[in-house]
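> dropping the sequence and predicted coords here.
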Number of protein chains: 2
Amino acid sequence: MKKSKNTIEERRHTLAHLLASAVLKKYPDAKLGIGPTIENGFYYDFDLGGKLKEEDLEKLEQTMRDLIGQELDMTGEKVTAAEARKLFAHQSYKLELIDEYEKEGRELTAYTIGDFTDLCKGGHADNTRDIDPASFTLTTIAGAYWRGDENNPQLQRIYALAFDTPAELSEYRVMLEEAKKRDHRKLGKELGLFAITDEVGPGLPLFYPKGAMLRRIVENFITELQEKRGYESIWIPHITKGELYKISGHAEKYDALYPPMHLEKEADYFIKPMNCPHFMMLYKTTPHSYRELPVRWTCTTTNYRHEKSGELSGLTRVRSLTQDDCHVFTRKDQIEEVIEEMLDMIEETYATFGFKDFWVRISTHDPENKEQYIGDPAVWQESEKVLTSVISKRGWQHEIGVGEAAFYGPKLDFIFKDVIGRSWQLSTIQLDMNLPERFELEYIDSDGEKKRPVVIHRAILGSTERFLGILIEHYGGAFPFWLAPVQVKILTINDKVIEYTNEVAGKLKGQNIRFELDTRNESIGKKIREAELGKVPYIFVIGEKEATANQINIRTRGVKDTKTISLEQFLEDTKN
Amino acid sequence: MKKSKNTIEERRHTLAHLLASAVLKKYPDAKLGIGPTIENGFYYDFDLGGKLKEEDLEKLEQTMRDLIGQELDMTGEKVTAAEARKLFAHQSYKLELIDEYEKEGRELTAYTIGDFTDLCKGGHADNTRDIDPASFTLTTIAGAYWRGDENNPQLQRIYALAFDTPAELSEYRVMLEEAKKRDHRKLGKELGLFAITDEVGPGLPLFYPKGAMLRRIVENFITELQEKRGYESIWIPHITKGELYKISGHAEKYDALYPPMHLEKEADYFIKPMNCPHFMMLYKTTPHSYRELPVRWTCTTTNYRHEKSGELSGLTRVRSLTQDDCHVFTRKDQIEEVIEEMLDMIEETYATFGFKDFWVRISTHDPENKEQYIGDPAVWQESEKVLTSVISKRGWQHEIGVGEAAFYGPKLDFIFKDVIGRSWQLSTIQLDMNLPERFELEYIDSDGEKKRPVVIHRAILGSTERFLGILIEHYGGAFPFWLAPVQVKILTINDKVIEYTNEVAGKLKGQNIRFELDTRNESIGKKIREAELGKVPYIFVIGEKEATANQINIRTRGVKDTKTISLEQFLEDTKN
């Protein structure tokens, strides 16, 4: 029975079976692992003693296309464990799975396509007719431990991309190519932004002056954005006695905590993986009146999380995360006002960085499981209503994730799509009724009674490092003028123009324009080529003609024609 | 034989004997510890089973003055160990010292004044006639372990102040009183600058918004000072693999290092106690040309040192030190230029903060022990000549400490005297020929050869925390306008002036003036008193009269008379 239309998931799943079938045709002794679908495609694991080579992929693809051309049906049937053991007598990994499924009392099914049968729970395109043979490609081979456990044998994993149409596949591959060119790890090196060294350690980037300047521009932007609205910066140390995390509850349940610095005659110290407990502690040191609330505290400070080394990647997944962290201690009647203000800041930030394409995930409690949540049910109800209405009011695209809230409060997550279509979770706003309780935070209300404030956590960038990683790729390293660590590069044609060049440089400095000077005795062609690699917004070329005419020859990034104008004109043009 | 004049050290030493004599007269069973001179006075330790009380001090002082009045001679004689044991048969601590000195083959002497004999190496006023009975005072009693070892019995230590004249004593006591009023720990709390909590830990201050603002003003000042001169900020993480400290040599010999964060499957991580190794590492990641040098890198970042908890004090001795750390990688021919530039920055900083009274210690190598030092002897000679000549040229008071240089290079230390006469070591400039060697740092010279740069370490403030502690005491919390975290406090007389007040506040904000608003329904007298405690430079009082006349009533800190002027006039007056 043919369904009217298979889903992409079903097609990918069927393609995974075809890949296993193709491998077995070439290597009949291959032991099969598992072959699930993944984002944009699928993979399949094989034990072949490492025999698979990248060169095999093309042939395997061809075999798969041949099988597709045979318009094969995919058929499934229930089997008993005994039958399954017979079917997969030579497949040791499958036998292991059968044992396990049997123990768990799960129903077993075997699916057959052509002459290949696999242990599988189903969900397939029911005939290869429904798969465009040009809509998939095998991309790469990687090592992978059986069941992800490094004590198990290492298998070979073949990754594949698969889409509904060849056009979509091609679009995705173009995006991948573009992403490769924009890779912030590659650009970070080429543009002299940051370095990661063995001696300091993985996930702990060090920033050269240009990278540090980018950090500062971005962080200062956020600080000013906040201070305009009455947010105040505090300062906290990067370490603490473990006592603080006993109060906050992080001691028991926080995975990425670095191990303690163990002292003989004193309590152990920890490097902080988040700032909330320090903020709570500082709030607690003094009494607060209802009049002061909302207390809006912020701090751009680095946290350390011992992420698995295999998961680290450039700036986007690091162990040193500098968060633009803000905690607002608020009365319940101020929640809407506080959230509105936060949305204003997020809106201004995204507009400034040119992030036009984003949507919001609103995570709310599950009304069927009320007992899972702590805090005042009235606050839950009211604040979820507020979260939804303020987002709707702005006309921002959003999804409501019922039951996705944490036990201590509902939240908003902002997901941004970059210029090449990849999604990044950025800002977050989270209500918290737990930490104020654990730290016994209070304010004196207008009626003289002690009340518990609600805490609202908020980060706009997420972390400076990750945000920079995204920014570098978003702009492909060609930062807009205001953000570029070097805004102007000045090249001299020869030493006769040094005096005039210094005059120009002095004027740029007076206007706080960030520039570099290249007065080497190299050909101007070479100097221009090198300057262009740095992706600076403007290159000034100064020769004797320019010096005499009191002008400069300007090459604008991305513009073919150069122009010769006065420095004053340039300053006027770049003012905003 | 009377000397023409005894030194203050000799007088203090004799007074210590008189104190012991006075204690024995009152408590004949007292066991004596030691009684050395210290800065500004002396102490003596006694074992009396904790019997000494603060109330005893006055009587003991009186007994000492009686003894002084008797014009007693101090006489000394050599004794054998056997004689000494007989003399001090009932003094168990002295017997312990006698055993030890005998083992070391040291000569023993006993000094007698009146009927009291003490084991002592001498150095006394030879007659009490030479001591003004009003020139000393016993100040306090504290616990102290015998020989400073907490496994030994705890003794009681009597501290005393002693000077040449009663006038000097009185001056010093006035200074102490003043210091107490200016104590930054007290002011830090009163002015809402910082807090130290048990849960985070000793020596790890957290800064409220006002303290964080002070930090930022001070740190930004230094950053701008440096950037004007072409220094570039870098960014480094706060942790590192131990590998870095094996290369730098700190792993073996750095005491205050926090213990490692120990990981099972990875090398241990350390929180950094200093920045140099990170800077060296970053320099090493790329090739450098002689043209780029001097590479002037700076970073304001927090270091963590596990100082003994007993030595911690407010902000002036902390475990979290944020250093305005700078490392210049320089060619040998650029050393003078680099040092001159650093002195310019120090000069500008001290002038800005009103530090008029400072002197410089120049630490040079010991020409008798050349083998103690590493590096190029020519660089030593040349740079010590440079250090001395540049300091002399500026006419700055200085001392040369021959043999006080570290093994890796000569240095300059800047010692500042605050308004109440206390000395604080602040800035430091240090040549380093060791780390470039250990990290194998290089640059390509104009002749195409690889050469080793010299590193010059430099800090102006020392650490933000300590500098703020000093600043708070220097200004007694009454910061100059440009530095004050709150520059203006606006007080309203009643709610009828809210609109006008908001208008004034808006204009202050537009001029980036930091202000606070107090619109509470409290009496204006109470509001003024509270505002004055905050030591803000200007208090604005706004009533209906002012609102109508478009003026403000201004109380200037430290000025008795108030004035009523327009806001525009105030802005004009405070502009600089």
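Structure's in. What do you need? The shown structure was predicted, so the numbers you read here are calculated from the model rather than taken from an experiment.
> helix, strand or coil for residue A:237?
Recorded secondary structure, residue A:237: coil (DSSP: H, G, I helix; E, B strand; the rest coil).
> got the contact list for it?
By Cβ atoms under 8 Å, 6 or more residues apart in numbering or on different chains, the residues touching residue A:237 are A:278, B:200, B:204, B:205, B:206, B:302, B:304, B:319, B:320. C-betas here are computed from N, CA, C, even on glycine.
> now, of those, which are buried?
Buried by 16 or more other Cβ atoms under 10 Å in any protein chain shown: A:278, B:200, B:204, B:205, B:206, B:302, B:304, B:319, B:320, out of these.
> will you turn the contacts of residue A:237 into TSV that also has pLDDT, secondary structure and distance to residue B:39?
Below are those laid out as TSV (pLDDT from 0 to 100; DSSP: H, G, I helix; E, B strand; the rest coil; distance: Cβ to Cβ, whole Å):
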residue	pLDDT	secondary structure	distance to residue B:39
A:278	97	helix	38
B:200	96	coil	33
B:204	97	coil	29
B:205	98	coil	27
B:206	98	strand	32
B:302	97	strand	31
B:304	97	strand	29
B:319	97	coil	25
B:320	97	strand	28
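> nearest to residue B:42, of those?
Distance to residue B:42, by Cβ to Cβ, is smallest for residue B:319 among those, at 31.5 Å.
> for that closest one, which non-adjacent residue is closest in space?
residue B:203 (3.5 Å; Cβ to Cβ, 6 or more residues apart in numbering or on different chains).
> for the residue in the stretch 301-450 of chain A that chain B sits nearest to, list the residues it contacts.
Scanning the stretch 301-450 of chain A for the residue nearest chain B gives residue A:320, at 4.2 Å (criterion: Cβ to the nearest Cβ). The contact partners of residue A:320, by Cβ under 8 Å, 6+ apart, come to A:203, A:204, A:205, A:302, A:303, A:304, A:465, B:237, B:238, B:239.
> in the sheet, who's paired with residue A:144?
Beta-bridge partners recorded for residue A:144 (DSSP bridges): residue A:155.
> residues in a beta bridge with the residue of the stretch 301-450 of chain A closest to chain B, which ones?
Here residue A:320, judged by DSSP bridges, has bridge partners residue A:304.
> could you dump stretch A:77-85 to PDB, C-alpha only?
Presented in PDB, the C-alpha positions along stretch A:77-85 are these (Å, rounded to 0.1, in the frame of the first residue of the first chain):
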ATOM      1  CA  GLU A  77       7.100  -7.900  10.000                       C
ATOM      2  CA  LYS A  78       7.000  -8.700  13.700                       C
ATOM      3  CA  VAL A  79       9.500 -11.300  14.800                       C
ATOM      4  CA  THR A  80      10.100 -13.200  18.000                       C
ATOM      5  CA  ALA A  81      13.500 -12.900  19.700                       C
ATOM      6  CA  ALA A  82      14.300 -16.500  18.600                       C
ATOM      7  CA  GLU A  83      13.500 -15.700  15.000                       C
ATOM      8  CA  ALA A  84      15.500 -12.400  15.200                       C
ATOM      9  CA  ARG A  85      18.500 -14.300  16.500                       C
END
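> so how many other residues sit close to residue A:305?
Neighbourhood size, residue A:305 [other Cβ atoms under 10 Å in any protein chain shown]: 19.
> show me where chain A dips below the pLDDT cut-off.
Filtered on pLDDT under 70, chain A yields the residue ranges A:1-4, A:576.
> can you check my assumption that the residue nearest to residue B:319 lies in a strand?
No: secondary structure assignment (three-state DSSP) places residue B:203 in coil, not in a strand.
> for residue A:463, give me its contacts.
Applying Cβ under 8 Å, 6+ apart to residue A:463 gives the contacts A:318, A:321, A:322, A:323, A:324.
> would you turn those residues into JSON lines with neighbour count, secondary structure and distance to residue B:186?
Converted to JSON lines, those look like this (neighbours: other Cβ atoms under 10 Å in any protein chain shown; DSSP: H, G, I helix; E, B strand; the rest coil; distance: Cβ to Cβ, whole Å):
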{"residue": "A:318", "neighbour count": "25", "secondary structure": "coil", "distance to residue B:186": "41"}
{"residue": "A:321", "neighbour count": "23", "secondary structure": "strand", "distance to residue B:186": "37"}
{"residue": "A:322", "neighbour count": "22", "secondary structure": "strand", "distance to residue B:186": "34"}
{"residue": "A:323", "neighbour count": "21", "secondary structure": "strand", "distance to residue B:186": "33"}
{"residue": "A:324", "neighbour count": "25", "secondary structure": "strand", "distance to residue B:186": "34"}
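> surely residue A:199 forms part of a strand?
No: Residue A:199 is assigned coil when assessed by three-state DSSP, not a strand.
> which ones are touching it?
Residues counted as contacts of residue A:199 (Cβ under 8 Å, 6+ apart) are B:240, B:241, B:243, B:244, B:247, B:281.
> check which helix or strand the residue of the stretch 1-150 of chain A found nearest chain B maps to.
Residue nearest to chain B within the stretch 1-150 of chain A: residue A:150 (9.9 Å; Cβ to the nearest Cβ). Using DSSP states H and E, residue A:150 maps to neither a helix nor a strand.
> and for it, the neighbour number?
When neighbours are defined as other Cβ under 10 Å, residue A:150 has 8 of them.
> for it, phi and psi?
Per-residue torsions, residue A:150: phi -70, psi -10 (degrees, to the nearest 10).
> for the helix or strand harbouring residue A:98, give me every contacting residue.
When elements are assigned from DSSP H and E, residue A:98 belongs to helix A:92-103. Defining contact as Cβ under 8 Å, 6+ apart, one finds that helix A:92-103 is touched by A:31-34, A:47, A:81, A:84-85, A:88-89, A:108, A:119, A:146.
> mind checking the SS state of the residue nearest the centre of chain A?
For chain A, residue A:424 is the residue whose C-alpha lies nearest the centre (Cα atoms, centre = their mean; 4.7 Å). Under three-state DSSP, residue A:424 falls in the strand class.
> the helix holding residue A:98: what's the following helix or strand?
Going down the chain from helix A:92-103, the next helix or strand is strand A:108-113, by DSSP H and E.
> helices along the stretch 451-576 of chain A, start to end?
According to DSSP state H, counting those that start in this stretch, the stretch 451-576 of chain A carries its helices in the segments A:464-474, A:498-510, A:524-533, A:544-549, A:567-574.
> which of the ones you listed is buried the deepest?
Mean neighbours per residue, mean count of other Cβ atoms under 10 Å in any protein chain shown, is largest over these for helix A:464-474, with a mean of 25.
> off-centre distance for that one?
Per Cα atoms, centre = their mean, to the nearest Å, the displacement of helix A:464-474 from the mean C-alpha position of its chain is 9 Å.
> what does stretch A:212-227 give?
Distance of stretch A:212-227 from the chain centroid (Cα atoms, centre = their mean) equals 20 Å.
> now do stretch A:246-258
On Cα atoms, centre = their mean, the centre of stretch A:246-258 falls 23 Å from that of its chain.
> so does that stretch get close to chain B?
Yes: for stretch A:246-258 and chain B, the contact criterion (Cβ under 8 Å from any Cβ of the partner chain) is met by A:247, A:258.
> for that stretch, measure first residue to last.
This stretch, stretch A:246-258, spans 15 Å end to end (Cα to Cα, to the nearest Å).
> re earlier: wait, the residue nearest to the centre of chain A sits on residue A:414?
No: the criterion here is Cβ atoms under 8 Å, and residue A:424 misses it with residue A:414 at 9.4 Å.
> what's the neighbour count on the nearest residue in space to residue A:277 that is not next to it in sequence?
Using Cβ to Cβ, 6+ apart and skipping residues adjacent in sequence, the residue nearest residue A:277 is residue A:248, 4.0 Å away. If you count neighbours by other Cβ under 10 Å, residue A:248 ends up with 23.
> ok so residue A:45 is a helix residue?
No: counting by three-state DSSP, residue A:45 is not part of a helix but strand.
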